[in-house]
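Novice: Structure here, sequence nowhere to be found:
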């Protein structure tokens, strides 16, 4: 168990540019989650996958945000046409959920990607 | 998920027990009480969870009242490295893990 890995750890970009973040979950975990955290606030849920299926995406902040998990392993979160308000920590987590949603492990979080939009 | 209420901040002397309270009066029967903590510049770290029985692991103890409307996380011998924001969450796997404001615990020498 090497933990959840997120890259890059820090990203500075100019307003209007696109950015992509990568998350590598714990290998045996079938669920992967994306959260956003702004200064002084708790993490805010964005979206999650079960294997390669994106089961909830209504909480994505706008249509500029999209996420993929093409082979059910790593995931990417893309923000298009970044705005200064997108500056935040983007956190990824993974967990193992059994068949029918029963039997689940706690979410394990990575250390996030800190995005600064100038 | 049921809403939880925690004090915004607490202090604790190093080496003493830290007792962090949480109210979750609207918790439903299938929701577990989860505790996470977040040390500065890191992602949240899972600590412990329970349904109705008290639980203990190498990090902490969780005491849940019989009516399940509140709980207490106990760090038996707090160290400076326990300084963090502690989140109490009522959660079941059918929903999303929803974080509130948490309690900022400051462990002082």
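Specialist: Arrived safely. All values derive from a computational prediction rather than experimental measurement.
Novice: Could you list the low-confidence segments of chain A?
Specialist: A:1, A:99-104 (pLDDT under 70).
Novice: what does it have sitting close to chain B?
Specialist: Counting by CB under 8 Å from any CB of the partner chain, the positions of chain A adjacent to chain B are A:4, A:33, A:41-45, A:48, A:56, A:59, A:91, A:93, A:97, A:101-102, A:104, A:106-112. For glycine as for every other residue, the C-beta is placed from the backbone atoms N, C-alpha and C.
Novice: Filter those down to the buried ones.
Specialist: A:4, A:33, A:42-45, A:48, A:91, A:93, A:97, A:104, A:106-112 (16 or more other CB atoms under 10 Å in any protein chain shown).
Novice: Is residue B:58 located within a helix, as I assumed?
Specialist: No. Counting by DSSP: H, G, I helix; E, B strand; the rest coil, residue B:58 is not part of a helix but coil.
Novice: Report the distance from stretch A:41-58 to the chain centre.
Specialist: Taking CA atoms, centre = their mean, to the nearest Å, one finds stretch A:41-58 lying 7 Å from the centre of the chain it belongs to.
Novice: So which residues of the chain form strands?
Specialist: No chain was given, so I picked chain A. A:5-7, A:10-13, A:19-24, A:31-37, A:44-50, A:53-56, A:65-68, A:75-79, A:88-95, A:108-109, A:113-117 (DSSP state E).
Novice: think we crossed wires, I meant chain B
Specialist: Under DSSP E, chain B gives strands at B:9-13, B:18-23, B:32-38, B:45-50, B:55-56, B:61-64, B:70-75, B:84-91, B:103-108.
Novice: looking at the ones you listed, which is closest to chain A?
Specialist: The closest of those to chain A is strand B:45-50. By CB to the nearest CB, the value is 4.3 Å.
Novice: what is the orientation angle of the closest one with strand A:88-95?
Specialist: For strand B:45-50 against strand A:88-95, the angle by axes from the mean of the first three to the mean of the last three CA atoms, to 10 degrees is 50 degrees.
Novice: Show me what strand B:45-50 is in contact with.
Specialist: Strand B:45-50 is touched from outside by A:106-109, B:32-39, B:55-57, B:59-62, B:64, B:71, B:73, B:86, B:91, with contacts defined as CB atoms under 8 Å, 6 or more residues apart in numbering or on different chains.
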